[in-house]
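Asks: here you go, sequence then predicted model.
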Amino acid sequence: MPRQQLDGRLRSGPSPIHTASRDEDLEVERGPAASSNRSGSDARETQHVSATEQAAVLRSASPGQELGILSSSSLPNLSCSPRDASCVSISTIADPRKDPSLSRQVREYMSQLVASGMRAERAAHIIQQWSGGGGVERVDLARLRRHFMTATLLPTLQQRLPSALSDVALTSACFWSLGLLPTADQSLLHPALRGALVAVNLLLLVHFASCSLRTTGRVVRIGNAAVSFSQQAELVLLALQALSKGHGTVLAAAQGTPLAAVLAADESDVDLDAVMAASDAAIAHAKAAAAGGGSSAAAPPAPPSAAATAAAAASPPPSALSSLDSFLVLSAAAAGSADATGAGGRPTSASGRFDAVTELGLSAEEAAAAAVAYSRYGDSSRGGRIGDYELRRLLQEAGFPSLSPTELSLVLLLHDPDKKSWLSFRDWATWWAGAAAAVATPATAAKDGRQ
């Protein structure tokens, strides 16, 4: 299929993903736009299909399962055949994400899939099944479109077409009987009875005609939405690929904040890969600095004298457990701070008492090392808090490429569950405990951050 034709189909108008039940989608009338900040061009692109019909597009044969991809144990193999040289895949077409509006639509699909319960592990499993284990580049887009079409349109036809046909048949019967009644012999039907039957037939004709028109119209519009959505299969595949890399955690963290609108904007140039890489690089460097005593960036020490060597041999090695900084941080966390409130005076992760050993399962040494790192990188004038400035300083120390202000805020937001714009020791220790055991070097982290 020519690249120009594929690009034209991608711009034919995206169809949003929704998670309501099929019956609810079909019974609710056309409603207002779901978002007040939707652009005028986007509204014009989708005005021919109502939000309720578009909401039914991602339904599988079983109610409540979007295309069966959320919980289905068997997924079709949609991979390109080795003998098919004309197979159309993501690698053979222009990247849709280079178009800002299509890039925004990919993020919309990601947000809606995350809201419906899609996890990184499930997204990776779906891609593996669809591609036959060959990765997202091996998925045949033509077969994926057909799969989307059959998985959405056929269940709708099976459920609604019989009702539409029965309504049409009853409408025809009422119209036929209404034409026969005036010509009936007066000896068979009393005029009063015939008038009553005519009135009843008129009421039934109006009822069944309205039902048939409404049901048939919905089937047609849902069919159009299914066709429109099947043409956007590339965008859904790209959304699943991004979710399999863990980008869903970024979108979930941004929900309810101004950053959500920034991510949804057409002109957004946020690199989610860089956000995830920066998060890994920051905590990896903090752990490496804690393991190395924080001397990685310092000048090499001078050779110790014999007296210093003997004194060091006689004294125990330095430990985070004996650090005054770690003692103060752990003590403050154990006591809690009622003054550490968020927006509207709500309590935050720093308000209650916290013990990293009992709540996170860290050893005493690990908790002390996390406390030392928190004290080292935190702002001492604000009780050791780690905000945007402190996080940027940590990334600079790690040698990570510079992030935009939005990307830096997203890194912080990943580990700030109550969205207070700074990390308490509870947040930091949770990040510390959940980080990967392997510590990446600053050069490797910087290289991976922009790939």
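Replies: That came through fine. Residues are numbered from 1 along each chain as shown.

Asks: what's in contact with stretch 170-190?
Replies: Applying C-beta atoms under 8 Å, 6 or more residues apart in numbering, the set of residues contacting stretch 170-190 from outside is 194, 197, 198, 201, 202, 204, 205, 208, 209, 212. In this view, the C-beta of every residue, glycine as well, is placed from N, C-alpha and C.

Asks: and the last one, what element?
Replies: In other words, residue 212. With secondary structure defined by DSSP states H and E, residue 212 is part of helix 191-230.

Asks: what is the rounded mean pLDDT of that helix?
Replies: Per-region confidence: helix 191-230 scores 83 on mean pLDDT.

Asks: give me the domain ranges for the protein.
Replies: 3-31+38-148+235-258, 161-221, 272-296+319-338+347-449 (automatic domain parsing).

Asks: any chance of those domains in TSV, plus distance to residue 229?
Replies: Supplementary listing: the domains of the chain in TSV, determined by distance: least, C-beta to C-beta, whole Å:
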stretch	distance to residue 229
domain 3-31+38-148+235-258	4
domain 161-221	12
domain 272-296+319-338+347-449	24
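
Asks: need those domains in a markdown table with mean neighbour count, can you?
Replies: Supplementary listing: the domains of the chain in a markdown table, determined by neighbours: other C-beta atoms under 10 Å:
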| stretch | mean neighbour count |
| --- | --- |
| domain 3-31+38-148+235-258 | 17 |
| domain 161-221 | 14 |
| domain 272-296+319-338+347-449 | 19 |
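
Asks: which SSE is the closest residue to residue 202 other than its chain neighbours in?
Replies: Nearest non-adjacent residue to residue 202, counting by C-beta to C-beta, 6 or more residues apart in numbering: residue 178, 6.7 Å away. With elements taken from DSSP H and E, the one containing residue 178 is helix 141-180.

Asks: could you give the mean pLDDT of that helix?
Replies: Confidence over helix 141-180, taken as the mean pLDDT, stands at 83.

Asks: closest one of the contacts of stretch 170-190 to residue 150?
Replies: Of all these, residue 150 sits closest to residue 212, with 25.5 Å by C-beta to C-beta.

Asks: now that closest one: closest residue in space, sequence neighbours ignored.
Replies: Taking C-beta to C-beta, 6+ apart, and ignoring the residues beside it in sequence, residue 212 has residue 167 as its nearest neighbour in space, at 3.5 Å.

Asks: wait, the one you found touches residue 207, no?
Replies: No. The criterion here is C-beta atoms under 8 Å, and residue 167 misses it with residue 207 at 9.2 Å.

Asks: hang on, the earlier thing: give me the distance between the residue nearest to residue 202 and residue 113.
Replies: Between residue 178 and residue 113 the computed distance is 51 Å (C-beta to C-beta, to the nearest Å).

Asks: go on, residue 190?
Replies: Per C-beta to C-beta, residue 190 is found 65 Å from residue 113.

Asks: swap in residue 211?
Replies: Residue 211 sits at a distance of 35 Å from residue 113 (criterion: C-beta to C-beta).

Asks: likewise for residue 323?
Replies: 45 Å.

Asks: before we move on, what about residue 233?
Replies: Here the distance between residue 233 and residue 113 works out to 14 Å (C-beta to C-beta).

Asks: then residue 287?
Replies: The value you get for residue 287 to residue 113, if C-beta to C-beta is used, is 32 Å.

Asks: do the same with residue 366
Replies: As defined by C-beta to C-beta, residue 366 lies at a distance of 35 Å from residue 113.

Asks: low-confidence ranges, the stretch 301-450 of the chain, go.
Replies: Low-confidence segments of the stretch 301-450 of the chain, defined by pLDDT under 70: 301-322, 338-350, 380-383, 435-450.

Asks: quick one, helices of it?
Replies: Across the stretch 301-450 of the chain, reading from the start of the chain, the helices by DSSP state H, counting those that start in this stretch fall at 306-314, 324-335, 356-360, 364-377, 388-397, 405-414, 425-434, 442-449.

Asks: one step back: quick one, which of the domains of the chain is nearest to residue 264?
Replies: Here domain 3-31+38-148+235-258 is closest among these (C-beta to C-beta), at 6.1 Å.

Asks: OK, contacts around the closest residue to residue 163 other than its chain neighbours?
Replies: Ranked by C-beta to C-beta, 6+ apart and with sequence neighbours excluded, the top spatial neighbour of residue 163 is residue 215, at 5.5 Å. For residue 215, the residues meeting the contact criterion (C-beta under 8 Å, 6+ apart) are 160, 163, 164, 167.

Asks: take those residues and lay them out in TSV including distance to residue 254.
Replies: Compiled in TSV, the contacts of residue 215 are given as follows (distance: C-beta to C-beta, whole Å):
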residue	distance to residue 254
160	37
163	42
164	42
167	46
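
Asks: distance of the nearest residue to residue 387 once chain neighbours are set aside relative to residue 123?
Replies: The shortest distance from residue 387 to any residue other than its chain neighbours is 4.3 Å, reached at residue 422 (C-beta to C-beta, 6+ apart). Shown here: residue 422 relative to residue 123, a distance of 31 Å by C-beta to C-beta.

Asks: could you do residue 143 as well?
Replies: For residue 143, the distance to residue 123 (C-beta to C-beta) stands at 19 Å.

Asks: can you check residue 211 too?
Replies: Noted for residue 211: a distance of 41 Å to residue 123, by C-beta to C-beta.

Asks: how about residue 158?
Replies: For residue 158, the distance to residue 123 equals 28 Å [C-beta to C-beta].

Asks: and for stretch 126-136, what's in contact with it?
Replies: Identification of contacts with stretch 126-136 by C-beta under 8 Å, 6+ apart yields 69, 75-80, 90, 137-139, 144, 237-238, 240-241, 244.
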